[in-house]
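S.K.: Okay, sequence plus prediction incoming.
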Amino acid sequence: MKKIISLLLTGVLVTASITGCGSSNAGSGSSGAASPCLSDGVLTVGTNAEFPPFEYVGDNGQPDGFDIGLIKAVGEELGVEIVVENMEFDSLVSSIGSKTDAAIAGMTVTEERQQSVDFSVPYYSAIQHVLVAKDSNIATYDDLVGKTIGCQLGTTGDFIIEEIEGATDQQYNKAVDAVNDLVNGRLDAVIVDSNPAAVFAANYPDKIKDLNGEDFGFEIEEYAIALPKGDAALKEAIDVAITKIKENGTFDKLVDEYM
Ligand code: ARG
């Protein structure tokens, strides 16, 4: 009997180390079984610290920002240590289950991403904004036709540009590099989420205009934490934690601190 149990345990451990904690299906259907992602007391969370005020590299060289505060609060609720891994935005989803257990990065829930990951309950609503030069006459969606538009690679802004007729989609690893090229006159516009757009525009008050994507017909987006697909126990634990953080005032404190 002991032997069988230890064989079973070895099996579980091997599965966990090959596939990451997420894909082992623990929790889905099983009666309240804890997520394997939480059992070692550490949750490794990917981010891309190029998206102020949600995430940026702080003065001490470590990722900081609203999302980092939020995931640390989640960690406290769950009684696990949070280890944040800073990486390219475009690698966050594919890293879940191998390098990381989850991702928090102002990440919009999209159907395409839902093919490979699950999402927590949404925690923030946003919309894409259009940054243009102060003297630009771009003001509507049709004005974007045929233009050269910058974005961060793999973001929802990138997906919007792909759909604009005749537009050249200039992808950057960091949105701030697109903004610099806008300021240097190499781009006609940059499409980036509302809050970072405001931060970037504030750095160039006499050079950049920050246009609300509502006027371009863009849709409201919901940010959520990306989680391994099928780890129902982890999703449940994180959803409960987020709900609690919203109810007990911690969320509002983070808004005051970072927004
Ligand atoms: N909300 C957009 C998306 O999900 C952009 C997110 C970019 N986040 C970041 N940390 N760079 O595609």
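M.R.: Yep, that arrived. Keep in mind that this is a model prediction, so the values were computed, not measured.

S.K.: Just want to check the distance between residue 113 and residue 61.
M.R.: 29 Å (CB to CB, to the nearest Å). Placement of C-beta: from N, CA and C, glycine included.

S.K.: More neighbours: these two, which one.
M.R.: Neighbour count, other CB atoms under 10 Å: between residue 113 and residue 61, residue 113 has more, with 18 against 8.

S.K.: Am I right that that one falls within a helix?
M.R.: Yes - counting by DSSP: H, G, I helix; E, B strand; the rest coil, residue 113 is part of a helix.

S.K.: Do I have it right that it meets residue 105?
M.R.: No - Residue 113 is beyond contact range of residue 105, at 11.3 Å (criterion: CB atoms under 8 Å).

S.K.: joint contacts of those two?
M.R.: residue 226 (CB atoms under 8 Å, 6 or more residues apart in numbering).

S.K.: tell me which parts of the chain are close to the ligand?
M.R.: Applying CB under 6 Å from any ligand atom, one finds that the chain approaches the ligand through 48, 50-51, 55, 89, 105-108, 152, 155-156, 193, 221.

S.K.: So which of the residues you listed wins on neighbours?
M.R.: Highest count within these by other CB under 10 Å belongs to residue 48, 29 neighbours.

S.K.: For that one, which residues are in contact?
M.R.: Per CB under 8 Å, 6+ apart, neighbours of residue 48: 55, 86, 87, 88, 89, 92, 105.

S.K.: Please flag which of those sit within strands.
M.R.: The strands, defined by DSSP state E, take in 55, 86 from the contacts of residue 48.

S.K.: what would the contacts of residue 48 look like in a markdown table with pLDDT and distance to residue 134?
M.R.: Listed next are those as a markdown table, based on pLDDT from 0 to 100; distance: CB to CB, whole Å:
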| residue | pLDDT | distance to residue 134 |
| --- | --- | --- |
| 55 | 98 | 28 |
| 86 | 98 | 33 |
| 87 | 98 | 34 |
| 88 | 98 | 31 |
| 89 | 98 | 28 |
| 92 | 98 | 33 |
| 105 | 98 | 30 |
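
S.K.: mind listing the helices for the stretch 151-259 of the chain?
M.R.: Remark: helices assigned in the stretch 151-259 of the chain by DSSP state H, counting those that start in this stretch are 156-163, 175-183, 194-203, 232-247, 250-258.

S.K.: Packing partners of the last one?
M.R.: Contact analysis of helix 250-258 by 3 or more CB pairs under 8 Å, 6 or more residues apart in numbering; DSSP states H and E lists helix 66-78 as its packing neighbours.
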